[in-house]
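# missing the sequence, but the structure's below:
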C-alpha cells in the first residue's frame, strides 16, 4: 500500500516537472506587479517617483551632501508621462550605472544591516522595467561623480530573458552640475491629485526630511519648492552586523556558505553582533556541534540545529546607535513648515528591539489652525523617513493610533478609529530592517514590541495635546464668562432702573466700569453661592 | 391701599440700596437669610419653627451668583411695577412667564424653569420681610371648605353652606376675606379629599355643626392662613385627620409648628393649638385595622426616624409612643381603611366617638 502511494507521487512530480520552465523576469514582474507597487497606472507613477527620490536622498546623504532633488512630471499624451528626477548626489561610477538601473535585485543595500530608505534593492530597476514594458522607451541616465571628470550618458533597457542590462546608447557629455545623477523615464500612467498623489508624497517627504530641498513641477501644477528647515544632515547611521535572533534559517545557511571564518566559533563571533567567545561556545554546545568545525561544511540539518540553539540562548540586545532618528525637534520643524496648525508636540522614544532588530519610534502631532475641523484626523506614516501613502488603515501604526483612547485627550473618537478633529498625527519608525507586510513597503507588520512603542509615543504626545486643549478650553470659558457679564449688565441696569426709579444709563455706565475693575477676580472665580 | 404702598416702598428701597452701592463703585450685594435646615430654629416659647440669623450674600460680580442676582432684581421689578403698583395679583406660573425671555446676544434665558422664579420670590419674601400675599403672588387653589359660615370676599358675600358638594374652593390668598357669620364648634382638616366628599355626603358638618377643610396632600399657604385666622379670630379648635404614616404626621406638624421652607412666614401660618385626631396607632388596635396594614418601605422608615427626632417631637411622650408603635408595626394605615367597617362608619361612629372622648394627640 505504502509503496504504491509513493510511486504515484513520484510519477506526478515528474509530469509536473515537464511543465516547469524558467520564468522570465518580465513575466515574473507581470504576475507580481501588485507586490512591487505597480498594480495600477496611478500608483505606478507614484512608485516610480518614490523609488527615484529615495535613491537620490540616500545617495546624497552617503556623500554628506545636503540633498537637493528636482522632480518634473510632463504629460506627453493622455496616458503617457515623462518623469525626470535630478539630484546633487555623488553620482554613479560608470561601470555600475547599467547594473543599478537595468538589473533586478541588484543593489548595495540588500545584505547590509543599515538604516536606509530603500531596503530590498528592487526599486529603481522595477520602474525601468515598467517603463520599458509600457512604452518600449529606454531609460535615460546622466551621472557625474567629480567636477573634473566628464558626465556619462546612458540609454538602458533590461534584457528580460537574462535579467541583464542592455545598453541602447552610451556617450560622454558635458553637464553643468559638479556631481549628481539625472534619470528620465517615459511610462504609461495616470496622474491623480490627492492623498495618494505625487504632490502629497513630496510634501510628506519634506516633512520627514527637513534637510532636503525639493522642487516639483507637475503636469497640472505650478513649480513648487519645499524648502529646508535645517542645514544639518542627519547623523549617518552605522552599519551593524546581524544580531543572532534576527537571522532566519535560510540567511544563516547562506552566511555559513559565504563566510571566510575557519571555525564555527569564529564564524559566530565575527559575523554576528553580541556574540563573544563564551556565547559562541554556548551555542555550539547547545547545537551539539564542535566549535572547531568548518562553517562551509555544516550540513542543512546541522544548520537547523544551530538555528534552534540560537533561539534558546539569551543574547544582549543589539546595539542601537546604528539608528538615526529624525529627532523630535526636526520632525516638528518639518511639520511646522508644511502644515499650518496652532499647536505642535513631538517625541522620540528611546530605541527598542524586535526580533533582534533595533528600531525607534517618533511621533509628532499638529493641532488646530487651518486644519480641517470636520472628519477624522490625518495620519502620516513614515518608515526610515519615507512616507507610506497606501494601505492607510493597515499595519501597526494605524492599529496603535486607533487603539489609543483619544477621548482622554479631549478629542472625539468613535470605536477604535482615528480621532476626529483638526489634527495631523505623524508617526515615524526608524530601523535597520523595517518589517513591511509586503514588498510594496506600505504597511508595518504587527510586532508587539513595535505596537507598544508606537502606543507609548502617541500617548505621550496625546497627553501634551490634552493638556493644551484643556487649558484652551478654560481660557475660552473665561472669555465667555466675561462676555456673559457684558450681556447681563444692560438687563440688570434696566431691572434696577425699573425697581428703584433711577436712570438706566447711569447704572449701566457704572456697572461697566465695575466689570473692568472686577475682571481679574472674575476670571479666577469658579465659586457657587452657598 | 396703605399696605400696598408699604410693599411697593420696600421693594423700591431694595432697588435704591443696590443702585447706591453701584454708584459708590461697589460690587452690589444683597443679604439673603438662609432658608436651609441649618438655619431653622425651633422656638420653644412660641412652639414654632423660625428662621435663624444666618445670611448668605448674593453679589452681581460673581460667576456663580450673577444670574440669580439678576433674576431676583428682575422679579422684584415685575412684582413692584406690574402687580403691586397696578393692584393686580398673579400666579407663580404667570410671574415665571413675565420674567422668561432670552437675554440678547446669548442663548441664555433669564429664567429657564419656574423653580428659579419661585425661589426668587421666596428670597424676596425673606429679604424684604413681605409675605407672598403682600407681594401679590398666588399659588394654585388646592383646597375646599364647607360649613355654616358666611364670608365677604371683595364685594361678594359667600355662604359656605350653600355651595353644594364641592364647597368653597379656597384661594391662595386668604388674608383679605372677612368672616361675617361663623356657626361652628370646631374644624376638621383632612388630608384626603375623598374623606371630605364622604363627610359632605353624610352631612357630617350639618349634623355636628363643624367646618370641614381639605386639600390635596400638603396644606397650601392659603389654607394654613385661613385655618390660623379661624383659630385666632373665631377661637375654633382645629383637629387634623391624616393617614397613619410619617407623611401624614408631617402634614400635622407643618400646620402646628411650621415648615422649613416657610419658616420665615411661621408667625402668619402656624397654629399652635391644633390637635391630631387620627389615624393614631391606638386606633389600629381599637378598631382592628391591622388587616389593612400597608408595609412601610425604606423611605417611609427613614422619614419616620427623621420626624421622631425633630426637636418639637423629641420630648413629647405621647408622640414618641406613637412613633414607637409605628416602628413596631413597620406598616402604615390609610384613613380610607375605616370604610371596611361600613361606608359611613367614619361619620357615624369614628369621628363622633373620638371627638366626644377627646382622644387627641397634642
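Here it is on my side, so go on. Keep in mind that what you see is a predicted model, and the values were worked out from it rather than measured.

# could you pull out the helices for chain A?
A:2-19, A:25-36, A:41-62, A:96-102, A:123-135, A:198-208, A:249-258, A:264-271, A:277-286, A:300-312, A:328-338, A:395-403, A:448-500, A:504-524 (DSSP state H).

# near chain B at all, the longest one?
Read it as helix A:448-500. Yes: residues of helix A:448-500 are located near chain B by C-beta under 8 Å from any C-beta of the partner chain, namely A:481, A:484-485, A:487-488, A:490-492, A:495-496, A:498-500. For glycine as for every other residue, the C-beta is placed from the backbone atoms N, C-alpha and C.

# what mean pLDDT does the helix or strand where residue B:226 lies have?
Element membership for residue B:226 (DSSP states H and E) is helix B:221-233. Taken as a whole, helix B:221-233 has an average pLDDT of 93.

# Which elements pack onto the helix or strand following that helix?
Where DSSP H and E defines the elements, the next helix or strand beyond helix B:221-233 is strand B:238-241. Applying 3 or more C-beta pairs under 8 Å, 6 or more residues apart in numbering or on different chains; DSSP states H and E, one finds that strand B:238-241 makes contact with strand B:186-190, helix B:221-233, helix B:246-257, strand B:275-278.

# As CSV, the helices of chain A with mean pLDDT and mean neighbour count would be great.
What follows is the helices of chain A, written out as CSV (pLDDT from 0 to 100; neighbours: other C-beta atoms under 10 Å in any protein chain shown):
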stretch, mean pLDDT, mean neighbour count
helix A:2-19, 53, 9
helix A:25-36, 75, 16
helix A:41-62, 89, 23
helix A:96-102, 86, 21
helix A:123-135, 89, 23
helix A:198-208, 94, 23
helix A:249-258, 87, 15
helix A:264-271, 92, 20
helix A:277-286, 93, 17
helix A:300-312, 91, 15
helix A:328-338, 94, 21
helix A:395-403, 92, 22
helix A:448-500, 92, 18
helix A:504-524, 85, 15
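
# among those, which is nearest residue A:86?
In terms of C-beta to C-beta, the element of those nearest to residue A:86 is helix A:41-62, at 8.0 Å.

# what kind of secondary structure is the closest residue to chain A within chain B in?
Proximity of chain B to chain A (C-beta to the nearest C-beta) peaks at residue B:15, 3.2 Å away. With DSSP: H, G, I helix; E, B strand; the rest coil as the basis, residue B:15 sits in helix.

# Arrange the helices and strands packed on strand B:238-241 in TSV, one row each, with distance to residue A:396 as further columns.
Listed next are these as TSV, based on distance: least, C-beta to C-beta, whole Å:
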stretch	distance to residue A:396
strand B:186-190	77
helix B:221-233	72
helix B:246-257	65
strand B:275-278	78
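
# Wait, the residue of chain B closest to chain A touches residue B:72, no?
No: counting by C-beta atoms under 8 Å, residue B:15 sits too far from residue B:72 to count as a contact (10.9 Å).

# And the two? Which one has more around it.
residue B:72 (25 against 22; other C-beta atoms under 10 Å in any protein chain shown).

# can you tell me how far the more buried one sits from residue A:502?
Per C-beta to C-beta, to the nearest Å, residue B:72 is found 17 Å from residue A:502.

# what does chain A put close to chain B?
A:481, A:484-485, A:487-488, A:490-492, A:495-496, A:498-502, A:506-507, A:510-511, A:513-515, A:517-518, A:521-522, A:525-530.

# For chain B, what is the nearest residue in the stretch 251-400 of chain A?
residue A:373 (20.9 Å).

# roughly how far apart are the residue of chain B closest to chain A and residue A:499?
Residue B:15 is 3 Å from residue A:499, by C-beta to C-beta.

# Find the residues that touch each one of those two.
Listed as contacting both residue B:15 and residue A:499 by C-beta atoms under 8 Å, 6 or more residues apart in numbering or on different chains are B:73, B:76, B:77, B:80.

# Verify the assumption that the second one is located in a helix.
Spelled out, it's residue B:76. Yes: looking at residue B:76 with three-state DSSP, it is inside a helix.

# Give me the neighbour count for it.
Counted with other C-beta under 10 Å, residue B:76 comes out at 29.

# Same check on the first one?
A count of neighbours around residue B:73, defined by other C-beta under 10 Å, yields 28.

# Now do the contacts for it.
The contact partners of residue B:73, by C-beta under 8 Å, 6+ apart, come to A:492, A:495, A:496, A:499, B:15, B:18.

# Adding distance to residue A:431, write those residues out as TSV.
Below are the contacts of residue B:73 laid out as TSV (distance: C-beta to C-beta, whole Å):
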residue	distance to residue A:431
A:492	66
A:495	70
A:496	72
A:499	75
B:15	76
B:18	72
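
# Closest to residue B:53 out of the residues you listed?
Within the contacts of residue B:73, proximity to residue B:53 (C-beta to C-beta) peaks at residue B:18, which comes in at 22.2 Å.

# I'd assumed residue A:497 was in contact with the closest one.
No: Residue B:18 lies out of contact with residue A:497 (C-beta under 8 Å); the separation is 10.9 Å.

# Give me the neighbour count for residue B:159.
For residue B:159, using other C-beta under 10 Å, the count is 14.

# backbone phi and psi for it, please?
Main-chain dihedrals, residue B:159, degrees, to the nearest 10: phi -100, psi 110.

# Please read off the pLDDT at it from the model.
95.

# Which residue is the nearest non-sequential neighbour of it?
Computed as C-beta to C-beta, 6 or more residues apart in numbering or on different chains, the closest residue to residue B:159 that is not its neighbour in sequence is residue B:150, at 4.9 Å.

# for the helix or strand encompassing the one you found, which positions count as buried?
With elements taken from DSSP H and E, the one containing residue B:150 is strand B:149-153. Applying a neighbour-count criterion of 16 or more other C-beta atoms under 10 Å in any protein chain shown, one finds B:149, B:150, B:151 buried in strand B:149-153.

# Help me confirm that the second one comes into contact with residue B:158.
Yes: applying C-beta under 8 Å, one finds residue B:150 in contact with residue B:158, separated by 6.9 Å.

# what residues are up against residue B:191?
B:214, B:215, B:217, B:241, B:242, B:243, B:248, B:251, B:335.

# Check the residues you listed for the minimum pLDDT and say which it is.
Among those, residue B:217 has the weakest pLDDT, 66.

# Name the nearest residue to residue A:93, ignoring sequence neighbours.
residue A:145 (6.5 Å).

# thought residue A:221 was touching residue A:200?
No: the criterion here is C-beta under 8 Å, and residue A:221 misses it with residue A:200 at 12.0 Å.

# of the contacts of residue B:73, closest to residue B:163?
The nearest member of these to residue B:163, counting by C-beta to C-beta, is residue A:499 at 41.0 Å.

# just checking, that closest one touches residue B:17?
No: the criterion here is C-beta under 8 Å, and residue A:499 misses it with residue B:17 at 10.3 Å.

# any idea what sits nearest residue B:204, other than its immediate chain neighbours?
residue B:347 (4.5 Å).

# For the one you found, give me its contacts.
With contact set as C-beta under 8 Å, 6+ apart, residue B:347 has these partners: B:198, B:199, B:202, B:204.

# Turn the residues you listed into JSON lines, including secondary structure and neighbour count.
Shown next, in JSON lines, are those (DSSP: H, G, I helix; E, B strand; the rest coil; neighbours: other C-beta atoms under 10 Å in any protein chain shown):
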{"residue": "B:198", "secondary structure": "helix", "neighbour count": "21"}
{"residue": "B:199", "secondary structure": "helix", "neighbour count": "24"}
{"residue": "B:202", "secondary structure": "coil", "neighbour count": "17"}
{"residue": "B:204", "secondary structure": "helix", "neighbour count": "23"}
